[in-house]
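A.B. asks: Need a 3D model of the following:
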Amino acid sequence: MIQETIREKLEQTPFAPFYIRASSGQACRVSNPALVVLMKSKLFVAEARSDRYATIPYLHIAGVEETGNGHARGTRPRGKRR
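C.D. replies: Residues are numbered from 1 along each chain as shown. Presented below is the predicted three-dimensional model:
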């Protein structure tokens, strides 16, 4: 059940950020487990230092994804070639 998968991710030590992807294509990044509330039929995810939030019914959660290794692609400093 998706609710149990999310609960396990939230309780993981050390906590590793992850994404919750909805069937609409919307993706919510979970960067802090304290900003997530597992309700009876839906999930509440707040965005840190913001008034933004999302509520996603469990039926519309398409998947839970790892954020990767923490390194953004294409962020290498560009320098002059010799």
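A.B. asks: Test my guess that Val30 contacts Pro17.
C.D. replies: Yes - using CB atoms under 8 Å, Val30 makes contact with Pro17 at a distance of 6.1 Å. For the C-beta atoms, the positions are set from N, CA and C on the backbone; glycine is no exception.
A.B. asks: residue ranges for the helices of the protein, please.
C.D. replies: Listed in chain order, the helices of the chain (DSSP state H) span 2-11.
A.B. asks: quick one, strands of it?
C.D. replies: Counting by DSSP state E, the segments of the chain that form strands are 18-22, 27-30, 36-38, 42-46, 53-57, 61-66.
A.B. asks: Figure out which of the ones you listed is closest to Thr5.
C.D. replies: With CB to CB, the closest approach to Thr5 among those belongs to strand 61-66: 5.6 Å.
A.B. asks: contacting residues around the closest one?
C.D. replies: 2, 5-6, 9, 16, 18-23, 27, 43 (CB atoms under 8 Å, 6 or more residues apart in numbering).
A.B. asks: Can you tell me which of these are buried?
C.D. replies: In those, burial by neighbour count holds for 6, 9, 18, 20-22, 43, counting by 16 or more other CB atoms under 10 Å.
A.B. asks: got JSON lines for the strands of the chain, with mean pLDDT too?
C.D. replies: Shown next, in JSON lines, are these (pLDDT from 0 to 100):
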{"stretch": "strand 18-22", "mean pLDDT": "96"}
{"stretch": "strand 27-30", "mean pLDDT": "94"}
{"stretch": "strand 36-38", "mean pLDDT": "97"}
{"stretch": "strand 42-46", "mean pLDDT": "96"}
{"stretch": "strand 53-57", "mean pLDDT": "95"}
{"stretch": "strand 61-66", "mean pLDDT": "94"}
